[in-house]
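Student: Prediction below, plus the sequence it came from.
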Amino acid sequence: MPEKRPSVLILGAGAVGLSFAAVLSAHSEVSVVCREKYAKAIYEKGLELSGIWGEHLIREIICYTSPDMPAGKNYDYTIITAKGTDTENICNEYVKVLRNTTAVSFQNGIGNEDIIQRYAPLVIGGTVSTNFGFISDRHLIINSQSDPVKAGIYPDSHCSSKEADILTSFITMFSKCGIEVIESKDIRSEIWSKSLLNVAVNPLAAILKAPIKKLGDDDLKETISGLINETFLVAEAEGIDLPWESPDSYASYLRNYQLNAFGEVYPSMYYDIINAKRTEIDLLNGYIAKTGRKYGIETPYNTCITNLIHCFEKSRRILF
Ligand SMILES: NC(=O)C1=CN([C@@H]2O[C@H](COP(=O)(O)OP(=O)(O)OC[C@H]3O[C@@H](n4cnc5c(N)ncnc54)[C@H](OP(=O)(O)O)[C@@H]3O)[C@@H](O)[C@H]2O)C=CC1
Ligand SMILES: CC(C)(CO)C(=O)C(=O)O
């Protein structure tokens, strides 16, 4: 008997979700919930992926553009790749699907998994340190990556053996498709570690309209250190065990490795600003500022950059 292919639904498929759909389609039954323009282009000519995760052209993919889906279909995994600003809304829209599935967050920012936990019986948290972009509405490109994808049972590793088996099967599904996913025993720590990169890079690149590598400019050193120092203090207050000895050791890793790994590409917040979309600032720097207030920790750098991005969001029609 041929092995049963896992069934996967990707909720809020844009740059990240469509790319995962393309790679997973090799060994899984993949459906996506996406906007009409992507569904139309994919049905016409197939979903295509280029870049460091290989070349893929997929024709057998089901695209849904509303919750009006066949009743009674259960998915092994539902991977959420909508922006963090849309997590609650998309969970409400797809509440029926989420009731009978393992839900996975492949999103940036802090807090997504806490929302998803209210809807799904089991949540896998994930971090994605890969840069995705659109060539056209049906053709994605993966440009660069600083770290493999990581996944772990949320909120921690004290899970049942059944839950551990689900995580292993989820990771195996990716390795069959040639994508390395590392199992994390402390996914909260991974989410905060990944957020350090986004806190330091995303708003500055969006404000300066600069590719990630340009953030190595000496004039930005003090600001980036301020953003990182504050994030470390807030993480400590929250009981998060970051894998760097000090803020300075992370700042060196960022400067010497991560900025170069991404090079000339732009982060997702840059595209949000140029496309006049709401950004994820409140799940990143805004989250650090807000949580800092809870503990009486001053966060002038993160507060300032959050306010600046809010101003850009409000005045985008004038500025762009
Ligand atoms: N792009 C990148 O390189 C990286 C992104 N990430 C993170 O991954 C997540 C996804 O990012 P990305 O793929 O770039 O974002 P995109 O905006 O490209 O994709 C999200 C898609 O979900 C759609 N969507 C939102 N709500 C719904 C809904 N209710 N029904 C149907 N579709 C919906 C959005 O449509 P609409 O815009 O019309 O609302 C959009 O097309 C974010 O958290 C991001 O920070 C992480 C690493 C890298
Ligand atoms: C890792 C990085 C910086 C990749 O682009 C990202 O998370 C983003 O764009 O938001």
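Tutor: Okay, I see it. Ligands and ions are numbered 1, 2, ... in the order given.

Student: so what's the backbone phi/psi at the residue nearest the centre of the chain?
Tutor: For the chain, the residue nearest the mean C-alpha position is Q107 (2.4 Å; CA atoms, centre = their mean). Backbone dihedrals for Q107, given as degrees, to the nearest 10, come out at phi -130, psi 160.

Student: Am I right that it is in contact with A82?
Tutor: Yes: contact status for Q107 versus A82: in contact at 7.2 Å, counting by CB atoms under 8 Å. For every residue, glycine as well, the C-beta is placed using N, CA and C.

Student: And the residue of the stretch 101-250 of the chain that's closest to ligand 2?
Tutor: N131 (3.7 Å; CB to the nearest ligand atom).

Student: tell me the SS of that residue?
Tutor: strand (DSSP: H, G, I helix; E, B strand; the rest coil).

Student: residues near it, how many?
Tutor: By the measure other CB atoms under 10 Å, the count of residues near N131 is 24.

Student: and what of G263?
Tutor: 13.

Student: what's near enough to touch it?
Tutor: Counting by CB atoms under 8 Å, 6 or more residues apart in numbering, G263 makes contact with S144, P211, I212, K213.

Student: Restricting to those residues, which residues neighbour ligand 1?
Tutor: With the criterion set as CB under 6 Å from any ligand atom, no member of the contacts of G263 is near ligand 1.

Student: Scan those residues and report the most crowded one.
Tutor: That'd be I212 among those, by other CB under 10 Å, with 27 neighbours.

Student: Need the phi and psi values for the nearest residue to that one once chain neighbours are set aside.
Tutor: In this structure, I212 finds its nearest non-sequential neighbour in F262, 3.9 Å apart by CB to CB, 6 or more residues apart in numbering. With angles defined as degrees, to the nearest 10, F262 sits at phi -90, psi -30.

Student: Equivalent analysis for the one 3 residues further on, please.
Tutor: Backbone dihedrals for V265, given as degrees, to the nearest 10, come out at phi -90, psi 160.
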